[in-house]
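Peer 1: With the sequence up front, the predicted model follows.
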Amino acid sequence: MTKSKDARVTVALACTICACKEISGKSTGIYRYTTRKNRRNTPTRLESKKFCVCRHKHTFHKEIKK
C-alpha cells in the first residue's frame, strides 16, 4: 500500500490555449499529458512546453486539478 502523503504524485498537464474544436462544432476533448512530480521539491503547479495535437505546434501545458 502506498501512503496518501507520498512525495511523488502523478499529475495531468493540459493545454492552456486550445479548446480542441472540430469544424462541425463538436468537442474532441482535451489532450492531456501525464507526468510525475516530487511534491517537496516543486510545491507550485508545473508548467512546461509540450506538443499540442489540436494546434499542431508546441504550446504551454499547465498542471490541472485531479
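Peer 2: Right, received. Where do you want to start?

Peer 1: Which is the succeeding secondary structure element to the helix or strand harbouring residue 11?
Peer 2: Using DSSP states H and E, residue 11 sits in strand 8-15. Toward the C-terminus, strand 8-15 is succeeded by strand 32-38 as the next helix or strand (DSSP H and E).

Peer 1: how many neighbours does the closest residue to residue 51 other than its chain neighbours have?
Peer 2: Closest residue to residue 51 apart from its sequence neighbours, by CB to CB, 6 or more residues apart in numbering: residue 58 at 5.5 Å. For the C-beta atoms, the positions are set from N, CA and C on the backbone; glycine is no exception. The number of residues packed near residue 58 is 11, by other CB atoms under 10 Å.

Peer 1: Isn't residue 58 up against residue 52?
Peer 2: Yes: counting by CB atoms under 8 Å, residue 58 touches residue 52, with 7.2 Å between them.

Peer 1: what bridges to residue 61?
Peer 2: For residue 61, the beta-bridge partners are residue 15, residue 48 (DSSP bridges).

Peer 1: Spell out which residues sit in contact with it, please.
Peer 2: Applying CB atoms under 8 Å, 6 or more residues apart in numbering, one finds that residue 61 lies in contact with 13, 14, 15, 16, 33, 47, 48, 49, 50, 52.

Peer 1: quick one on the thing from earlier: contacts for the strand holding residue 11 next, please.
Peer 2: 30-39, 46, 48, 50, 52, 54-55, 59-64, 66.

Peer 1: Give me the residue at the spatial middle of the chain.
Peer 2: Taking CA atoms, centre = their mean as the criterion, residue 13 is the residue nearest the geometric centre of the chain, at 0.8 Å.
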